[in-house]
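A.B. asks: take this sequence and fold it.
(2 chains)
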Amino acid sequence: QKEVEQNSGPLSVPEGAIASLNCTYSDRGSQSFFWYRQYSGKSPELIMFIYSNGDKEDGRFTAQLNKASQYVSLLIRDSQPSDSATYLCALYHPGHGNKLVFGAGTILRVKS
Amino acid sequence: DAMVIQNPRYQVTQFGKPVTLSCSQTLNHNVMYWYQQKSSQAPKLLFHYYDKDFNNEADTPDNFQSRRPNTSFCFLDIRSPGLGDAAMYLCATSRDYNEQFFGPGTRLTVL
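C.D. replies: Now for the predicted structure:
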């Protein structure tokens, strides 16, 4: 089982819809969770991080964490074509040599 | 604006010819990381510096070396690039082991 699992997609949503990106992880000791957006040929850009169970909102983005279910998600409201990118889920576990563990990413396509 | 800067943005080298990639940061972060990312794959951590302490990943080939002469700068040296080393090389920084911020990357081509 991979440490961080994401559906590779592509996930296609119409402009203005809510995009829901999901990530599951295997290690219950994971403490911090991050969502990065990566446009083709560019570097990852941090868009959200969450440490506690529940929801965290920042503009059109909401991160949701459920440690009991080992599940973290990213909701993008009012999706725009400019949101089309690969979204990487990453987590930090202190027993993993102080490094981020990345999922393989989900490709999001927002169609106008 | 505080940022992570990588130079060059694009690097072409010949098979076996040493190459050095550079990273600098104005965030005053104490941790600096080097990642390798190949197409459609997640970034792969090569090594990182926590302050002056070097931390190598077990599966990083000896062909890859790093230097951090001061807080702001970090270098990635590839001693004898092979065709399989063609990739995007990403530098990232963080304050302690918190959220990481990436530079724009260097695209390495090996001929």
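A.B. asks: SS state for the closest residue to chain A within chain B?
C.D. replies: Closest contact between chain B and chain A, by Cβ to the nearest Cβ, is at B:Ala42 (3.8 Å). In short, each C-beta sits where N, CA and C put it, glycine included. The three-state label given to B:Ala42 by DSSP: H, G, I helix; E, B strand; the rest coil is coil.
A.B. asks: do the one 4 residues further on as well
C.D. replies: B:Leu46 falls in the strand class when you classify it by three-state DSSP.
A.B. asks: test my guess that it contacts B:Gln65.
C.D. replies: No. B:Leu46 is beyond contact range of B:Gln65, at 9.8 Å (criterion: Cβ atoms under 8 Å).
A.B. asks: residue contacts, the residue of chain B closest to chain A?
C.D. replies: B:Ala42 makes contact with A:88, A:102-105, according to Cβ atoms under 8 Å, 6 or more residues apart in numbering or on different chains.
A.B. asks: how deep is the residue in chain A that chain B sits nearest to tucked in, by neighbour count?
C.D. replies: The minimum distance from chain A to chain B, using Cβ to the nearest Cβ, falls at A:Phe102 (3.8 Å). The tally of other residues near A:Phe102 (other Cβ atoms under 10 Å in any protein chain shown) stands at 23.
A.B. asks: related to what we said a few turns ago, and which of the contacts of B:Ala42 is nearest B:Asn70?
C.D. replies: Distance to B:Asn70, by Cβ to Cβ, is smallest for A:Phe102 among the contacts of B:Ala42, at 28.3 Å.
A.B. asks: residues in contact with that closest one?
C.D. replies: Listed by Cβ under 8 Å, 6+ apart, the contact set of A:Phe102 reads A:4, A:88-90, B:42-43.
A.B. asks: brilliant, that's me finished.
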